[in-house]
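Colleague: My questions are about this predicted structure, shown below with the sequence.
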Amino acid sequence: MQEKHVEVAVIGAGSAGLGAYNAARAHTDSVVMIEGGPYGTTCARVGCMPSKLLIAAADAAHAAHDAKAFGVHIDGNIRISGRDVMARVLHERDYFVDGVLESVERIEAEHRLRGHARFESATTLIIDDHTRIHAERIVIATGSSPDYPEFLKAAGERLVTNNDLFYWEDLPESVAVFGPGVVGLELGQALSRLGVRVRVFGVGGAIGPISDPEVHKQAYQHFNEAFYLDARADTRDVTLADDGVNVTFVERDSGQEITERFDYLLAATGRPPNLKGLDIANADLRMEEGLPVFDRYTLQCQHNDETLAPIFIAGDANAELPLLHEASDEGRIAGDNAGRYPDIRAGRRRSMLSVVFTEPQIALAGLTWSDIQKRSKGSYAIGEVDFSDQGRARVMRKNRGLLRVYGEQGSGLFLGAEMIAPEAEHLAHLLAWCHQQRMTVAQMLEMPFYHPCLEEGLRTALRNLNAELRQGPAMALHCLDTGPGC
Ligand SMILES: Cc1cc2nc3c(=O)[nH]c(=O)nc-3n(C[C@H](O)[C@H](O)[C@H](O)COP(=O)(O)OP(=O)(O)OC[C@H]3O[C@@H](n4cnc5c(N)ncnc54)[C@H](O)[C@@H]3O)c2cc1C
Ligand SMILES: NC(=O)c1ccc[n+]([C@@H]2O[C@H](COP(=O)([O-])OP(=O)(O)OC[C@H]3O[C@@H](n4cnc5c(N)ncnc54)[C@H](O)[C@@H]3O)[C@@H](O)[C@H]2O)c1
């Protein structure tokens with residue numbers, strides 16, 4: 001067993017780990033980054049990028065099918081080649097992975113260590129069985145992995161997760177998706193648009209990250225127009241079938257128990273943090289609900305006696321906001337603090353922004369509806385716009401969805417938003433930026449709105465909110481002071 005002494009050890013070379021390494025490296029040369037799996041990050045390899053590539057193919061298929069509604073007739077059959085779709089996904093995915101691999105290659109070889117890390121004590125790590133690292137400070141950036149309930153294991157080799165799906169050489173005929181969370185909705189809808197027979201089964205009623213009941217209602221309706229989604233499914237059995245898997249469930253509308261065969265079962269039932277193999281009990285960390293207690297501004301953990309530990313936790317590993325930009329931010333903050341220790345600084349946390357790349361897209365910005373229920377003690381108002389009659393959305397045949405914006409009574413401050421809306425990724429950015437600038441709804445309304453744009457729908461929602469906050473005039477139906485369709 002080799003012995004190595006460093007100031008900072010970073011466990012995990014994903015988006016958070018790479019950010020942490022770079023930030024710590026700005027303070028000291030004595031850093032090591034340990035990676036137990038393949039380099040390339042979850043985001044590039046099996047997460048954000050390949051999922052968006054699959055969705056891009058699905059959008060192309062959908063546009064081709066929808067073209068005739070615009071008077072554009074594509075003569076002959078629209079043929080989707082599963083092999084070509086998956087070949088492009090993998091080819092482009094590799095391009096993104098290669099970019100990450102190049103950055104990893106640029107890191108000095110003596111700063112990189114391959115192997116699975118586990119804690120021997122709060123300041124020593126064992127890497128596989130080959131190296132013991134004595135580290136003055138440690139950053140845990142181990143990410144998360146798909147997890148699923150025991151009964152799904154009956155699907156055997158037909159059970160896949162996001163770790164497997166992007167390696168398919170061809171598209172299957174059918175997939176049963178368990179979990180209408182972010183992964184299940186994005187991949188389920190993409191597969192459905194690519195001609196795969198899809199059913200999505202959930203428990204407890206949740207759809208993606210939506211907490212606003214009105215947005216939830218619309219989402220349920222829109223997705224069900226596109227594919228079968230039962231967010232409170234009564235699934236009775238999962239068994240292996242010939243070259244496939246049988247799922248027995250109570251059909252949502254008929255109430256009949258049926259057994260249906262699928263080529264694959266996609267488990268998208270959540271991604272808990274990778275803490276299990278870490279022997280974290282040896283690190284003397286204070287734990288709550290299986291997770292280390294940490295400060296979200298410094299990312300620093302506590303010892304069991306509640307003193308501060310020289311251990312930091314960033315990215316999906318801390319389960320706070322398992323999103324790429326948050327992992328990068330947290331990695332930088334944790335690495336900076338591990339490097340500058342004991343001179344710990346609070347890092348800048350941005351306004352919350354989350355996008356689900358479905359059609360319509362789901363997005364959250366600032367505080368969510370459920371945050372506001374907890375924090376605002378009734379002193380808030382809601383404005384909304386329904387996109388079914390919004391001018392630009394209608395022009396593009398994307399006139400579906402609901403945007404709800406929240407503001408604070410008295411101050412008129414913009415608090416947050418939830419939406420299922422056309423091109424919500426852009427609307428949500430504007431809203432997150434305004435939230436971070438602590439703007440009032442009235443100030444937001446002073447900004448320019450171009451005609452005819454989806455942002456005019458946002459303006460309608462903001463005007464509605466301003467009126468509800470009693471800071472502006474009541475809304476007029478089809479007011480034409482700004483052009484038709486607003
Ligand atoms: C299908 C899918 C789509 C997604 N799409 C989006 C999106 O569109 N936008 C978005 O913002 N987010 C998206 N995400 C989430 C995003 O990918 C993650 O939030 C982000 O990649 C987390 O980065 P990380 O550094 O925390 O983890 P990772 O990138 O997973 O890095 C953790 C690393 O730690 C290593 N490791 C684990 N344990 C050990 C150990 N004991 N010893 C050594 N090494 C270890 C792992 O091998 C891994 O390389 C998506 C996720 C999935 C699954
Ligand atoms: N566009 C994006 O930003 C993006 C895309 C994909 C993933 N992600 C990140 O990855 C994280 C993990 O995504 P995820 O979708 O795996 O998890 P999730 O927590 O978002 O969703 C899991 C879903 O599975 C359901 N579920 C749990 N047990 C079930 C069961 N037995 N049967 C049926 N359904 C069950 C849950 O109710 C929930 O709806 C997300 O929270 C998100 O932060 C982000």
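Modeller: Great, that's in hand. Ligands and ions are numbered 1, 2, ... in the order given.
Colleague: Thr307: neighbour count?
Modeller: Look at Thr307: counted by other CB atoms under 10 Å, it has 9 neighbours. Bear in mind the C-beta positions are built from the backbone N, C-alpha and C, glycine included.
Colleague: ok so Lys377 is a strand residue?
Modeller: No. Looking at Lys377 with DSSP: H, G, I helix; E, B strand; the rest coil, it is coil, so not inside a strand.
Colleague: which stretches of the stretch 201-350 of the chain form helices?
Modeller: Taking DSSP state H, counting those that start in this stretch, the helices of the stretch 201-350 of the chain run over residues 213-226, 324-340.
Colleague: Is the shortest one positioned near ligand 2?
Modeller: No. Using CB under 6 Å from any ligand atom, helix 213-226 stays clear of ligand 2, coming no nearer than 11.6 Å.
Colleague: before we move on, what about the longest one?
Modeller: No. Helix 324-340 lies out of reach of ligand 2 by CB under 6 Å from any ligand atom, never closer than 7.1 Å.
Colleague: and that helix, average pLDDT?
Modeller: In this model, helix 324-340 carries a mean pLDDT of 98.
Colleague: Tell me which residues of that helix come out buried.
Modeller: Of the residues in helix 324-340, 324, 326-340 count as buried by neighbour count, 16 or more other CB atoms under 10 Å.
Colleague: centre of the chain versus the helix or strand just after that helix, how much separation?
Modeller: Next helix or strand after helix 324-340 toward the C-terminus (DSSP states H and E): strand 353-356. How far strand 353-356 lies from its chain's middle: 7 Å, per CA atoms, centre = their mean, to the nearest Å.
Colleague: Sheet-wise, list the partners of strand 353-356 with their directions.
Modeller: Paired with strand 353-356 in the same sheet, following DSSP bridges, are strand 361-366 (antiparallel).
Colleague: any idea how far the partner strand is from the chain center?
Modeller: Going by CA atoms, centre = their mean, where strand 361-366 is centred and where its chain is centred differ by 11 Å.
Colleague: Ok, stretch 259-278 next?
Modeller: 16 Å.
Colleague: Then stretch 392-409?
Modeller: Distance of stretch 392-409 from the chain centroid (CA atoms, centre = their mean) equals 21 Å.
Colleague: Tell me which residues of that stretch come out buried.
Modeller: Residues of stretch 392-409 classed as buried under the neighbour-count rule (16+ other CB under 10 Å) are 392-393, 398-408.
Colleague: For Val245, state which of those residues is nearest.
Modeller: Using CB to CB, Arg400 is the member of the buried residues of stretch 392-409 that lies nearest Val245, at 32.2 Å.
Colleague: and the stretch 51-200 of the chain, which of its residues are near ligand 2?
Modeller: The stretch 51-200 of the chain comes close to ligand 2 at residues Pro149, Phe178, Gly179, Pro180, Gly181, Val182, Val183, Gly184, Glu186, as judged by CB under 6 Å from any ligand atom.
Colleague: In strands only, show me those residues.
Modeller: The strands, defined by DSSP state E, take in Phe178 from those.
Colleague: Adding neighbour count, distance to Ala24 and pLDDT as columns, could you present the residues of the stretch 51-200 of the chain next to ligand 2 in CSV?
Modeller: Listed next are these as CSV, based on neighbours: other CB atoms under 10 Å; distance: CB to CB, whole Å; pLDDT from 0 to 100:
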residue, neighbour count, distance to Ala24, pLDDT
Pro149, 13, 38, 97
Phe178, 27, 39, 98
Gly179, 24, 36, 98
Pro180, 27, 39, 98
Gly181, 19, 33, 98
Val182, 23, 30, 98
Val183, 24, 31, 98
Gly184, 25, 36, 98
Glu186, 24, 33, 98
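Colleague: Closest to ligand 1 out of the residues of the stretch 51-200 of the chain next to ligand 2?
Modeller: Val183 (4.7 Å; CB to the nearest ligand atom).
Colleague: What's the separation between Gly315 and ligand 2?
Modeller: Using CB to the nearest ligand atom, to the nearest Å, Gly315 is found at 11 Å from ligand 2.
Colleague: Hmm, Gly143 and that residue touching each other?
Modeller: Yes. Using CB atoms under 8 Å as the test, Gly315 is close enough to Gly143 to be in contact (6.0 Å).
Colleague: Check the residues of the stretch 51-200 of the chain next to ligand 2 and tell me the two furthest apart.
Modeller: Using CB to CB, these span at most 20.8 Å, a distance reached by Pro149 and Glu186.
Colleague: Arg132 belongs to a strand, doesn't it?
Modeller: Yes. Counting by three-state DSSP, Arg132 is part of a strand.
Colleague: Would you check how far apart it and ligand 2 are?
Modeller: Distance, Arg132 to ligand 2, using CB to the nearest ligand atom: 33 Å.
Colleague: that older thread, what would the helices of the stretch 201-350 of the chain look like in TSV with distance to Met86?
Modeller: Output for the helices of the stretch 201-350 of the chain, formatted as TSV (distance: least, CB to CB, whole Å):
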stretch	distance to Met86
helix 213-226	21
helix 324-340	23
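Colleague: can I see the domain layout of the chain?
Modeller: Using automatic domain parsing, the domains assigned to the chain come out as 2-145+272-340, 150-266, 353-468.
Colleague: How far does stretch 359-366 sit from its chain's centre?
Modeller: 11 Å.
Colleague: just stretch 274-288 next, same as before
Modeller: Mean C-alpha position of stretch 274-288 versus that of the full chain (CA atoms, centre = their mean) differs by 25 Å.
Colleague: got the buried residues for the strand or helix carrying Asp94?
Modeller: Asp94 is part of helix 82-105, with elements assigned from DSSP H and E. Neighbour-count burial for helix 82-105, counted by 16+ other CB under 10 Å, picks out Gly82, Val85, Met86, Val89, Leu90, Arg93, Asp94, Phe96, Val97, Val100, Leu101, Val104.
Colleague: helix, strand or coil for Ala461?
Modeller: helix.
Colleague: so what's the residue in the stretch 201-350 of the chain that ligand 1 sits nearest to closest to, chain neighbours aside?
Modeller: Minimum separation of the stretch 201-350 of the chain from ligand 1 (CB to the nearest ligand atom) falls at Gly315, amounting to 2.4 Å. Of all residues not flanking Gly315 in the chain, Ala16 sits nearest, at 2.7 Å (CB to CB, 6 or more residues apart in numbering).
Colleague: residues contacting the one you found?
Modeller: Shown in contact with Ala16 (CB atoms under 8 Å, 6 or more residues apart in numbering): Ala141, Gly143, Ala314, Gly315, Asp316, Ala317, Ala327, Ser328, Glu330, Gly331, Ala334.
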